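below are the sequence and a predicted model for it; my questions follow.
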Amino acid sequence: MSGAEAVVPENLTEEQARAELERLAKEISRHDALYYRQDQPEISDADYDELRLRNEAIETLFPALIRSDSPSGRVGAAPDATFDKVTHGVAMLSLGNAFKEDDVSDFVERVRRFFKRGEADGAAFTAEPKIDGLSISLRYKKGALVLGATRGDGTTGENVTANVRTIADIPKQVRAADFPDLFEVRGEIYMTHADFAALNQRQERDGLQTYVNPRNTAAGSLRQLNPDITASRPLHFFAYAWGDASALPADTQSGMVEALARWGFPVNPLMRACASVQEMLAVHSDIEVRRAALGYDIDGVVYKVDRLDLQDRLGFVSRAPRWAIAYKFPAEQATTILKDIEIQVGRTGALTPVAKLEPVTVGGVVVRNASLHNEDEIARKDVRIGDMVTIQRAGDVIPQVLGVIEGKRDKSLKPFEFPKICPACGSHAVREVNPKTGKEDVVRRCTGGLICPAQAVERLKHFVARNAFDIEGLGTKQIEAFYEEGRVMTPADIFTLEARNARTDKPLQEKEGWGEQSVANLFNAINERRSISLDRFIYALGIRHIGATTARLLARSYDGIGSLRAAMIAAGDPEASEYEELNNIDGIGEAVAVAIVEFFAEGHNAQVLDALLEQVTPEPFEVEETASSVTGKTVVFTGTMERLSRSEAKVMAERLGAKVAGSVSSKTDYVVAGEAAGSKLKKAEALGVTVLSEDEWFALVGEG
DNA sequence: ACCCCTCGAGTTCT
DNA sequence: CTCGAGGGGT
């Protein structure tokens, strides 16, 4: 590193260093933009590198001054790069996980049990290594690659077509006679260990920042705005699945992968077909043995039901297919020192202990914090501040404390005393007793409620969360800052921010980090949300037990916020018909019903809601009460349906004017039987009630 | 009275 | 991602 001396700064004072870092951050980010986005660098690569080196050298001398927007923390253009959004025709799902052999046999057992006896007993499974890269969907029309999209949240990803085209492994044109007109190939983009090491060597030689692990590097390489950068990175691809397709070349998983290979897509050579749990486990241990020699990262083995017709019938459980599972390799572990236990306060008042750790690298990432879950967990493991502890990244993502290394404990360490008062507001923190079971809750909760600042901030964060108001430019950081400055104390304050900002002594645009443009953008984003769907609105209120799903259920069951509110107030009397109506919603039981009723009965909530409704209009769900072929009929749903959850089916049937009953009787007109229907189906048959399949039901009501 | 599944609420790091 | 609780089916 001979060049480094030249840029090591003269004896700077702290004040000078601060100013210099600020200047460098601006300068480097300007050159980044010129180089990466406009492709018109103003300075030579060497001069650019020198700027970076100077920045890093000053940061080494004054680590306390490292800026949050420091250029050393990133490579290339700022990551706020905007790619077009792409909605996947067929969602890109995640997989259920198995961590031990029993989980695999349970999975096989579950699959077999799903079908009527014997039908799937001999069904085969495929086994293949789970590549640790990033999922991608490649759309081909008449053989031509027309779109490459990242997984994103599974439903919506980003358009990275230009970058994907630079990857040699990915065919730009498929010329097979049997390649369907429309076909989406899905697979994993990854970087080999050798390429990763070479890239890092080059970075180091050039005095540039080195990368942490192949996975993140591959992901970063693909999200470059300039495809030339992606092209310069050695990325590879394995195909293993498909999405939208006008035709399928095979009726088994293994047949599909053979076709993909025949069409010129790289497929993993370690894929095997298995006829039994024993074989599946054998493949897992075989792949685990070869893991180190593969030359690329894998984190487990994926098993899939081979027959596609069985896959179709198995369907999905929320976000994961029932016909596939990932058997993960044991997570990497590490030991480190537990420096402290911090107590965080959630929006419901829950006190959650978090372990502050001596930073340690686990699975290619530096871990500083780890969840300790709750009071009992700390007691069970007898974790004490100062202990040497073992940690792992559960499912290779969330760090958790496994336990204490006993021999190393200093005798002076005292058992951790879980606070009985809220660290944020000093109110009592208690463990509620469940009225049903008489048992103590696992979580200790702050009773401060409205007076607790920590809860208030967390509620606001929830209000702007992704499934709630989702206001661009208003994230956790801004909410915290705005709360501290007194700009935003309740949800309605967000919507009066602009008006107040115009009058205030210290308007936003005078704050550091804010300019005219960013302030205008924020107000625009806020104003866009003055009209919002009812389900998001309900979710945003942060009522206990009401998550995104239940909020949607409520939104569908009531005409609007007004009628919901009126009904909930009436339901304060448990004898009222409104209470019964609420409790009858499939998916809402006593605890949930009580929570909703209590929320609307609370005076402060009423005020907050009134103020909010002056600013925001929740749009009700479009529910056309239609007369249909099932109007006035009584319907019972049983078994597992593919396209609807049972609660959705109920809402749908009621919208069509039908009554949904819980059990079959002679008054029942239709029984709709999904897969694995049980006693209700038998009873229907015994009583001679019409039994419909899911498809027949859709046909009957005339909906696709 | 169980058992299974779904949902909510908490968490990390990039 | 994990955990516990709630809800519903057998």
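Now that the structure is in, tell me what you want to look at. Residues are numbered from 1 along each chain as shown, chains lettered A, B, ... in the order given.

just want the residue of the stretch 251-400 of chain A that's nearest DNA strand B.
Nearest residue of the stretch 251-400 of chain A to DNA strand B: A:G346, at 2.6 Å (C-beta to the nearest atom of the strand). The way it works is simple: take the backbone N, C-alpha and C, and place the C-beta from them, glycine included.

so that residue is in contact with A:T352, correct?
Yes: using C-beta atoms under 8 Å, A:G346 makes contact with A:T352 at a distance of 6.2 Å.

returning to what we had before: for the residue of the stretch 251-400 of chain A closest to DNA strand B, the count of nearby residues, please.
17 (other C-beta atoms under 10 Å).

run through the stretch 201-350 of chain A and note the low-pLDDT ranges.
Residue ranges of the stretch 201-350 of chain A with pLDDT under 70: A:317-319.

can you give me the strands for it?
Remark: strands assigned in the stretch 201-350 of chain A by DSSP state E, counting those that start in this stretch are A:236-245, A:272-274, A:298-305, A:316-317, A:320-321, A:324-328, A:333-345.

how is chain A partitioned into domains?
A:2-73, A:96-328, A:333-408, A:452-529, A:533-619, A:634-701 (automatic domain parsing).

rewinding a little: tell me the contacts of the residue of the stretch 251-400 of chain A closest to DNA strand B?
Going by C-beta atoms under 8 Å, 6 or more residues apart in numbering, A:G346 touches A:T352, A:Q455, A:E458.

okay, those in CSV with secondary structure, distance to A:T447 and neighbour count next?
Formatted as CSV, those follow (DSSP: H, G, I helix; E, B strand; the rest coil; distance: C-beta to C-beta, whole Å; neighbours: other C-beta atoms under 10 Å):
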residue, secondary structure, distance to A:T447, neighbour count
A:T352, strand, 16, 16
A:Q455, helix, 10, 25
A:E458, helix, 15, 22
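
out of the strands of the stretch 201-350 of chain A, which is closest to A:K26?
Of all those, strand A:333-345 sits nearest to A:K26, with 34.4 Å by C-beta to C-beta.

anything in that closest one near DNA strand C?
No: applying C-beta under 7 Å from any atom of the strand, one finds strand A:333-345 out of contact with DNA strand C, separated by at least 13.9 Å.

now that strand, how far from the centre of its chain.
The chain centroid and the centroid of strand A:333-345 are separated by 24 Å under C-alpha atoms, centre = their mean, to the nearest Å.

which other helices and strands does it contact?
strand A:351-362, strand A:388-394, helix A:453-463 (3 or more C-beta pairs under 8 Å, 6 or more residues apart in numbering; DSSP states H and E).

rerun at 6 Å
strand A:351-362, strand A:388-394 (3 or more C-beta pairs under 6 Å, 6 or more residues apart in numbering; DSSP states H and E).

select from those strands the stretch with the lowest mean pLDDT.
Looking over these, mean pLDDT reaches its minimum on strand A:388-394, with a mean of 83.

quick one: strands adjacent to that strand?
Here strand A:388-394 is paired, per DSSP bridges, with strand A:333-345 (antiparallel), strand A:398-404 (antiparallel).

give me the residues contacting the shortest one.
The contact list for strand A:398-404, computed with C-beta atoms under 6 Å, 6 or more residues apart in numbering, reads A:355, A:367, A:370-372, A:381, A:383, A:387, A:389-394.

now the angle from it to strand A:351-362?
Calculated by axes from the mean of the first three to the mean of the last three C-alpha atoms, to 10 degrees, strand A:398-404 forms an angle of 90 degrees with strand A:351-362.

as JSON lines, the contacts of A:G346 with distance to A:A331 would be great.
Converted to JSON lines, the contacts of A:G346 look like this (distance: C-beta to C-beta, whole Å):
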{"residue": "A:T352", "distance to A:A331": "22"}
{"residue": "A:Q455", "distance to A:A331": "33"}
{"residue": "A:E458", "distance to A:A331": "29"}
